[in-house]
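Novice: Predicted coordinates and the sequence they were generated for:
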Amino acid sequence: AAKAKRSSAPLYLQPLRAGTQPPPIPKCPLGACIQLLLLAVCLPEKTCIQLLGGEFIELLESLGLAYVSHYDGDERSSESLLVPYVHVFPVTVCNETIYLATDLHPNVLSLTAFGGNQKNCVSSSIDHSVDESGTVMYIGPDSLALLDHWSCFQHIKDSDVILDIGCGSGIQALGLAIRSSGGKAKVKCVDINERALRVTRFNFECNGFDIPTLILGNINSPSGGRMFESEVVTPPKLWKELLGKNSATYIVSNPPFLPVPAHDPTISSRYGLFSSGGSTGEEFFQSLIRLASDLLDRHDTSATLAVVSEFMNPNDEDFDIRLTSWWNKDEEIPAHALLLTNAE
């Protein structure tokens, strides 16, 4: 228990699965929030309105955090249910608690795409026709391990530039921002998924931080990316131009790592955008290493790229060779690599 308190990791509660007997109907607002946003329990809409208020339910719907499901003609339940899309739980960083929302694990959600496409929402929960927005990466032990890695950095300067590539819920960027004085470090978040960028913005706003620069695009694409939901629609820019060559102090990433053949829609449709690492599982990671070698400020000795991934096999004899080949070398300013692995 003492060790758990020193970690940033929340104490997980097991979400309910299909066929599991739900807990008793809550009788207070806190109980309703715990069941909805921690246990992923579907609650009667009438109960939620009574305990949480109609405006709160409308807010959850408008933000795409939950939706009301109507069971017309279903003999098992004629009552409308409030169905959660997300988990919201506390994470401790530098003795401060931040609250993070992110989509339920696919094993619970049973979907890798969301319905609707309302641009002013985190996601739409009204129109259930599937669009191109995928679910946002759940916060797992790997994300929390990378967050804990930065505990050795006691202070991040306001002038530092933080770049989170494949940001998902924004947990890594937010965890670094909180370590800067007043959270004023310059933060840029990149993701291929529009919903992920909306969730990142939501999490920064909810925790009282300035909204980071949000950039939409696929770093595997040579065409680059573009500013997300900018008032002025501009064509994509090359990544080095958009993110700033030799400008980043810290780059963090929890990259997709599963080998998913893009040419087989039957297989690729089973995986969310956050899990597909291309046909080899290394495509995103390879692009990340190459891009980071151009973006890191090599004149700053604290400039760091930190990655956590489950797909890399450090025992592969060719891994060091591949890793070195991906990094754009600068003979005058060498880079150092440190690879840490889980014990067998």
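Specialist: Received, thanks. Numbering: from 1, shown residues only.

Novice: what are the ranges of the strands in this structure?
Specialist: 43-44, 66-69, 81-84, 86-93, 96-103, 113-115, 130-134, 161-165, 186-191, 213-217, 225-227, 250-253, 304-307 (DSSP state E).

Novice: Would you single out the least confident of those strands?
Specialist: Among the strands of the chain, strand 113-115 carries the lowest mean pLDDT, a mean of 47.

Novice: Any stretches of the stretch 1-150 of the chain with poor pLDDT?
Specialist: Low-confidence segments of the stretch 1-150 of the chain (pLDDT under 70): 1-19, 71-78, 105-133.

Novice: could you pull out the helices for it?
Specialist: 2-6, 29-37, 45-52, 54-62, 106-109, 141-149 (DSSP state H, counting those that start in this stretch).

Novice: Any idea which of these gets closest to Ser276?
Specialist: In terms of CB to CB, the element of the helices of the stretch 1-150 of the chain nearest to Ser276 is helix 106-109, at 12.6 Å. Quick note: C-beta positions are derived from backbone N, CA and C, even for glycine.

Novice: Now for the closest residue in space to Ser80 that isn't next to it in sequence, how many residues are close by?
Specialist: In space, and not counting its chain neighbours, Ser80 is closest to Glu45: 4.1 Å by CB to CB, 6 or more residues apart in numbering. By other CB atoms under 10 Å, the residues close to Glu45 number 18.

Novice: Please apply the same query to the one 10 residues further on.
Specialist: If you count neighbours by other CB under 10 Å, Glu55 ends up with 9.

Novice: Now render the helices of the stretch 1-150 of the chain as a markdown table, adding distance to Thr97.
Specialist: Shown next, in a markdown table, are the helices of the stretch 1-150 of the chain (distance: least, CB to CB, whole Å):
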| stretch | distance to Thr97 |
| --- | --- |
| helix 2-6 | 12 |
| helix 29-37 | 15 |
| helix 45-52 | 22 |
| helix 54-62 | 21 |
| helix 106-109 | 24 |
| helix 141-149 | 13 |
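
Novice: Out of those, which is closest to Val233?
Specialist: Where the helices of the stretch 1-150 of the chain are weighed against each other on CB to CB, the nearest is helix 54-62, at 24.1 Å.

Novice: got the buried residues for that closest one?
Specialist: Ile57, Leu60, Glu61 (16 or more other CB atoms under 10 Å).
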